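Participant: Below are the sequence and a predicted model; questions follow.
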Amino acid sequence: MARYNAKTTEAKWQAAWAAAKTFEAVEDRQKEKYYVLEMFPYPSGRIHMGHVRNYAMGDVVARYKRAQGFNVLHPMGWDAFGLPAENAALEKQVHPAKWTYENIANMREQLQSMGLSLDWSREFATCDVEYYRHQQKLFLDFLKHDLAYRRESWVNWDPVEHTVLANEQVIDGCGWRSGAPVERRQLSQWFFRITAFQDELLEALDDLERWPEKVRLMQANWIGRSEGARLRFAVQQATGQQAAEIAVFTTRPDTIFGASFLALSPDHPLTSELADKNPDVAAFVAECQRQGTSEEVIEKAEKLGLDTGLRAQHPFLPDVELPIYVANFVLIEYGTGAIFGCPAHDQRDLDFARKYDLSVLPVVVPDGSDSIGFSVGNEAYVGPGRLANSEFLDGLSIDDAKSEIAGRAEAGGFGSREIMYRLRDWGVSRQRYWGCPIPVVHCDSCGVVPVEEADLPITLPEDVTFEQAGNPLDRHETWGAVACPACGKPAQRETDTFDTFVDSSWYFARFCSPRAETPLDASAVDYWMPVDQYIGGVEHAILHLLYARFFTRAMEKCGHVRVSEPFAGLFTQGMVCHETYRGEDGIWLEPTEVERTDSGDIRRLDNHSTVTVGRSEKMSKSRKNVIDPEDIIERYGADTARWFMLSDSPPERDLEWTDGGIEGAWRFTGRIWRIIEESITSLPTAGSPAPLQLSDNAVALRRLTHQAMGAVTDGIERFQFNVSVARLYELANALAAFKANGGDDTTGERWAQREAIETLVLMIGPMMPHLAEEAWQALGLDGLLADAPWPKADPALLVEASITIAVQLNGKMRATLDIEPDQSEDTVREAALALEKVKSAIGDKAVRRVIVVPNRIVNIVA
RNA sequence: GCCCCCUUGGCGGAAUUGGCAGACGCACGGGACUUAAAAUCCCGAGACUUAACAGUCGUCCCGGUUCGAGUCCGGGAGGGGGCACCA
């Protein structure tokens, strides 16, 4: 046997799997299906370590489930629309389609070098007309079912480039390219009615048992259901004009007697009305609109307000009028776009009140304080307590007071109980070229008219230019001109394209029947859906996953699928991190630009100057702490890269890339090969029957083998691949150390050794598939390892003859006790008390109590 | 600012979910093999005290529950992720 050559061996088995169509999924109703899916990549051009980790994990699951006998679907595709292609078009003068498809070709080759058990026959890209034509059909169905509509909404507007900016393109309130201060602007946009399913989306979270608790919690918070009250305040009209009203939503109606002001959003209709008449208000609104649209920006900004001069009547106190402010922190998108401020019990309101010198009256007093002695300083009191300073509410609990206010408001006709959601409808319009065109037409006579289904697909024009800013579709001379589908008169195509989150909201379903003439083939979807295990980054915990859940329900409503939840199991993996390096000039250095000297410090490779080593951070181009997977696969092979990705770090946590770690993984591949090489000539032939008698030595190895089967399987089932890896190391260590005693027992020992080696090879299969396949062949076993069943532990071999249990005295470890398992409590207690070490530790103290935990521990209380 | 998560030796981490803390790997030290190196193999190792036997401390910090806490509860510190047009 020759030294293991990863490069040639990996290519050989990749070709063998492809030739045998091993991983092409075929619907087979006789077999139980298992759908494994990793979040498909954006085709940036090169895979990065995050992809390697993600796909290595998915492949473990896919290959393991295959070995368990499941009919596995494990597809791959490309999330191919999006901004980077347009940026590339601008910077490199290359058409987005060309750039994207070239990137896909490159990345496909890189992924294939990883030896993943993917069904490449199902591959597609979301920018394929054959994909997005069906997305357009789905949109038309959504329109029919009132799940899509058009309305005005706010965007970040770059006044120089005349374009809408993504939040990430807004840096410190300015456009990233123009540097001009960004404005908030209203634009007519398409929305998906995700709020139609808000209750369902919230409640169904409880049933997603194989989702991480944190993701479910984040989604629940995102939907943000809160019970409260809507209260209407009459606006005092000094001039005797027609009375106006301001509706306010609050989750704390109980604090109404502590109210000291009302605040309107700068975008509130009443604010706009005031701004028309009052230049101060107009100026303030304009100032607020210079902020971006992101919640983060608005929340972090200094709280500013402007007194409108208007006063609102307190609904329960005839003598009290509240000033009405316009405030920059009131969001028009949430609630009614207006609030009442109770400074004593809300931190934001308190900050605002201190700034504008408004009264702070505590109306909830913690138990144990009295209403006179309790005051609020610079920290609002948001805890529990009883009502005070609140007329008829005094002495009530918060809950009772909320209910009392809501009841009185309802009776008085100026308010009602209300449930509010933080969730807003999903804006899907993008003023960009490289996305799926929205299939509608704007007609002067008929308004917005959907394109006829027979006229689909609406394809993107190819002859576009990117020199000018803004949407090339708007500038295109002929593409937009079209006859109105309703009246036939000249009309304009919609030039907005879909948010790329739309593309990724149904690709998982399309994989079931990727070449179907309809968006989805019912029979295929019924068989394969839902995805049994979905794997991807936690950064998608809210938006992508929530949109996909909505989209599946929407497709269900339109009759395309019969499931409402797309992902039965979800796993969110951690990031891949690496140390960062900076030269003396403070410029980031790549790992390839530095070296570790013999004394252990890091120097520049070229001029040996000092390098500052920074902490480990997520690999990113900007910090240059990137390791290229292609280099690693070229040097060590895919198996080594995959093994390292699965070792050490628990999958949900961040993984730290180290040279030592990859070297260790590489040594292990060599070690496995050596173990086989050194023993192969002395092993019995494949399939030899078990000898009747086995020596203790052989039985001990068998026990270890079967314990490893149990532990490795358990690790994979629980997504603790690092633990499975550790158990595989142990089995390999035991095998490397195993020596046959010789003599009469040799046959049995060699048999046990073969069993252990075959087990090891089978179990590294999902992690290092090429090495395992090569070893399988070397061991003289038939067929492909990829088709071999997973080993199953013999329960009889898992039982130990003797176990060691700890003996504690007053909770401190004092001795250990070797004893047969499952002894009676009395036996264990007596044996523990009889130990010399225990007797001397107890001394002359009286034993008051002995706690015996079967097969675990004895604790003597003295 | 709001929401969520994480914190265990020099490092990554394990601990059957409340029962022997530190499995396994990395880095390190010692040894074997070698003319030498590499590769490989064997041994060692949480910290402190001790010649040794052994003992004390120890899972970010403070407090609590318990016979027993890395694990549960309350408070705090540090680090990270998300915040609706990046994907």
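Facilitator: Good, I have the coordinates.
Participant: contacting residues for A:Ala409?
Facilitator: By C-beta atoms under 8 Å, 6 or more residues apart in numbering, the contact list for A:Ala409 reads A:Ala229, A:Leu231, A:Pro253, A:Pro315, A:Gly415, A:Ser416. No exception for glycine: its C-beta is placed from N, CA and C like everyone else's.
Participant: What is the neighbour count of the second one?
Facilitator: Residues contacting A:Leu231 under the criterion other C-beta atoms under 10 Å number 25.
Participant: Would you mind measuring from the residue nearest to the spatial centre of chain A to RNA strand B?
Facilitator: When C-alpha atoms, centre = their mean is applied to chain A, the residue found nearest the centroid is A:Val538 (2.7 Å). Noted for A:Val538: a distance of 5 Å to RNA strand B, by C-beta to the nearest atom of the strand, to the nearest Å.
Participant: Give me the buried entries from the contacts of A:Ala409.
Facilitator: A:Ala229, A:Leu231, A:Pro253, A:Pro315, A:Gly415 (16 or more other C-beta atoms under 10 Å).
Participant: In helices only, show me the residues you listed.
Facilitator: Taking DSSP state H, every one of the buried ones among the contacts of A:Ala409 sits outside helices.
Participant: Rebuild these as TSV, extending it with pLDDT and distance to RNA strand B.
Facilitator: TSV is the format used below for those (pLDDT from 0 to 100; distance: C-beta to the nearest atom of the strand, whole Å):
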residue	pLDDT	distance to RNA strand B
A:Ala229	90	20
A:Leu231	91	22
A:Pro253	91	20
A:Pro315	90	28
A:Gly415	90	24
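Participant: ok, so of the residues you listed, who is nearest A:Thr759?
Facilitator: Proximity of the buried ones among the contacts of A:Ala409 to A:Thr759 was ranked by C-beta to C-beta; the top entry is A:Ala229 with 65.0 Å.
Participant: Identify the residue spatially nearest to the closest one, adjacent ones excluded.
Facilitator: Excluding the flanking residues, the one nearest A:Ala229 by C-beta to C-beta, 6 or more residues apart in numbering is A:Pro253, at 4.1 Å.
Participant: what do you get for A:Cys127?
Facilitator: A:Ala80 (4.0 Å).
Participant: ok, the one you found - how many residues close by?
Facilitator: Count around A:Ala80 with other C-beta under 10 Å applied: 26.
Participant: likewise A:Phe261?
Facilitator: Residues lying near A:Phe261 (other C-beta under 10 Å) number 23.
Participant: was I right about it contacting A:Leu322?
Facilitator: Yes. Counting by C-beta atoms under 8 Å, A:Phe261 touches A:Leu322, with 5.5 Å between them.
Participant: Identify the contacts common to these two.
Facilitator: Common neighbours of A:Phe261 and A:Leu322 (C-beta under 8 Å, 6+ apart) are A:Phe340.
Participant: Name the residues of stretch A:502-512 that are buried.
Facilitator: Using 16+ other C-beta under 10 Å as the test for burial, stretch A:502-512 gives A:Val502, A:Asp503, A:Ser504, A:Ser505, A:Trp506, A:Tyr507, A:Phe508, A:Ala509, A:Arg510, A:Phe511, A:Cys512.
Participant: should've said stretch A:538-551
Facilitator: Neighbour-count burial for stretch A:538-551 [16+ other C-beta under 10 Å]: A:Val538, A:His540, A:Ala541, A:His544, A:Leu545, A:Leu546, A:Tyr547, A:Ala548, A:Arg549, A:Phe550, A:Phe551.
Participant: Low-confidence ranges, chain A, go.
Facilitator: Scanning chain A for pLDDT under 70 picks out A:1-3, A:238-243, A:598-600, A:740-743.
Participant: Return the nearest residue of the stretch 301-450 of chain A with respect to RNA strand B.
Facilitator: In the stretch 301-450 of chain A, no residue comes nearer to RNA strand B than A:Arg424, which is 3.8 Å away by C-beta to the nearest atom of the strand.
Participant: okay, now the residue lying closest to that residue once chain neighbours are set aside: neighbour count?
Facilitator: For A:Arg424, ignoring the flanking residues on the chain, the nearest one in space by C-beta to C-beta, 6+ apart is A:Glu333 at 5.4 Å. Look at A:Glu333: counted by other C-beta under 10 Å, it has 14 neighbours.
Participant: where does A:Glu333 land in three-state SS?
Facilitator: coil (DSSP: H, G, I helix; E, B strand; the rest coil).
Participant: So what does it have for phi and psi?
Facilitator: phi -80, psi -10 (degrees, to the nearest 10).
Participant: Tell me which residues touch the residue nearest to the centre of chain A, please.
Facilitator: A:Val215, A:Thr572, A:Gln573, A:Gly574, A:Glu652.
Participant: Tell me if I am right that the first one is in a helix.
Facilitator: Yes. For A:Val215, which was evaluated using three-state DSSP, the result is membership in a helix.
Participant: For it, the count of nearby residues, please.
Facilitator: Neighbours around A:Val215, by other C-beta under 10 Å: 20.
Participant: what's the answer for the second one, then?
Facilitator: Counted by other C-beta under 10 Å, the residues lying close to A:Thr572 total 20.
Participant: That one and A:Tyr534 touch, don't they?
Facilitator: No. In this structure, A:Thr572 is not within contact of A:Tyr534 by C-beta under 8 Å, at 9.3 Å.
Participant: just checking, A:Thr747 is part of a helix?
Facilitator: Yes. Assessed with three-state DSSP, A:Thr747 lies in a helix.
Participant: from memory it sits against A:Pro689, does it?
Facilitator: No. The criterion here is C-beta under 8 Å, and A:Thr747 misses it with A:Pro689 at 10.8 Å.
Participant: more crowded one of the two?
Facilitator: For A:Thr747 versus A:Pro689, neighbours defined as other C-beta under 10 Å are more numerous around A:Thr747 (16 against 7).
Participant: ok, now how distant is that one from A:Val761?
Facilitator: Relative to A:Val761, A:Thr747 is positioned 21 Å away (criterion: C-beta to C-beta, to the nearest Å).
Participant: ends of stretch A:148-167, how far apart?
Facilitator: For stretch A:148-167, the first-to-last residue distance is 24 Å (C-alpha to C-alpha, to the nearest Å).
Participant: before we move on, back to that, show me the two of the buried ones among the contacts of A:Ala409 that sit farthest apart.
Facilitator: Greatest spatial distance among the buried ones among the contacts of A:Ala409 (C-beta to C-beta): A:Ala229 and A:Pro315, at 10.9 Å.
Participant: Residues in contact with both of these two, list them for me.
Facilitator: A:Ala409, A:Gly415.
Participant: ok, now how distant is A:Asp601 from A:Val611?
Facilitator: 8 Å.
Participant: So which of these two has more stuff around it?
Facilitator: Neighbours were counted for A:Asp601 and for A:Val611 using other C-beta under 10 Å; A:Val611 has more, 20 against 11.
Participant: Show me what from the stretch 501-650 of chain A comes close to RNA strand B.
Facilitator: A:501, A:504, A:538-544, A:575, A:618, A:647-650 (C-beta under 7 Å from any atom of the strand).
Participant: I figured A:Gly614 hits A:Tyr581, correct?
Facilitator: Yes. A:Gly614 is within contact range of A:Tyr581, at 7.0 Å (criterion: C-beta under 8 Å).
Participant: The two: which has the busier surroundings?
Facilitator: Between A:Gly614 and A:Tyr581, counted using other C-beta under 10 Å, the more crowded position is A:Tyr581 (21 against 13).
Participant: Would you state the secondary structure element containing the more buried one?
Facilitator: In the assignment (DSSP states H and E), A:Tyr581 maps to strand A:576-582.
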